[in-house]
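In: predicted model, plus sequence, below.
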Amino acid sequence: QTSSLVLAPVRKIKDNFKNGYEQRIAADPQFAEKSVVEIIVAAGTQFTAELNRRGNSRFIPELDFVVAGILTAIAGKYYSMWRVAPTASSSSQQSSKDSKTSKNKNVESKLGTMFVPTNAFQTYLMDGKTRPTFTQRLGSLIAPMPSLMRAGIIASMIG
């Protein structure tokens with residue numbers, strides 16, 4: 001029974017990841033290829049930065065820090081890519097797997113009860129009619145912070 005208590009959250013995370021991955025593949029069939037490219041670019045860029053920072057003489061002795069830096073870069077980059085990737089809603093997935101899927105790109109961003117633009121320079125909110133106020137524009141800078149903080153924490157834990 002103890003093992004089931006420990007494994008239940010792991011199974012839930014695995015199922016959520018699998019469901020999210022399937023929704024992203026349904027919305028963008030090239031998501032897997034794009035993921036591989038993102039990982040290669042993140043790893044290559046961080047490897048080059050680590051090599052420049054440490055030089056040839058300190059690279060091998062500090063390999064543990066190099067690997068941690070590369071893993072952190074991969075995790076942060078992939079999490080950011082995961083968050084912005086279009087997803088197909090589960091109802092459209094079940095109703096028509098091979099026809100058009102509805103992408104959740106036009107999801108309204110909220111800060112508390114206030115609707116905010118997805119970026120501070122957006123001319124209209126997602127309804128296409130309402131111009132954002134100055135407060136809503138400031139809110140668009142604050143709204144993504146919890147998600148970005150979560151990405152940083154996850155990347156730091158992996159690295």
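Out: Cool, got the structure.
In: which elements pack onto the host helix or strand of residue 66?
Out: Under the criterion of DSSP states H and E, residue 66 resides in helix 63-84. Judged by 3 or more Cβ pairs under 8 Å, 6 or more residues apart in numbering; DSSP states H and E, the packing partners of helix 63-84 are helix 31-59, helix 145-158. For glycine as for every other residue, the C-beta is placed from the backbone atoms N, C-alpha and C.
In: residue 141 touches residue 118, doesn't it?
Out: No - with contact defined as Cβ atoms under 8 Å, residue 141 does not count as touching residue 118 (11.2 Å).
In: how near is the residue lying farthest from the centre of the chain to residue 51?
Out: Most distant residue from the mean C-alpha position of the chain: residue 57, 35.2 Å away (Cα atoms, centre = their mean). Noted for residue 57: a distance of 11 Å to residue 51, by Cβ to Cβ, to the nearest Å.
In: show the contacting residues for the closest residue to residue 77 other than its chain neighbours.
Out: Leaving out its chain neighbours, the residue that sits closest to residue 77 by Cβ to Cβ, 6 or more residues apart in numbering is residue 42, at 3.8 Å. By Cβ atoms under 8 Å, 6 or more residues apart in numbering, residue 42 lies in contact with 73, 74, 76, 77, 78.
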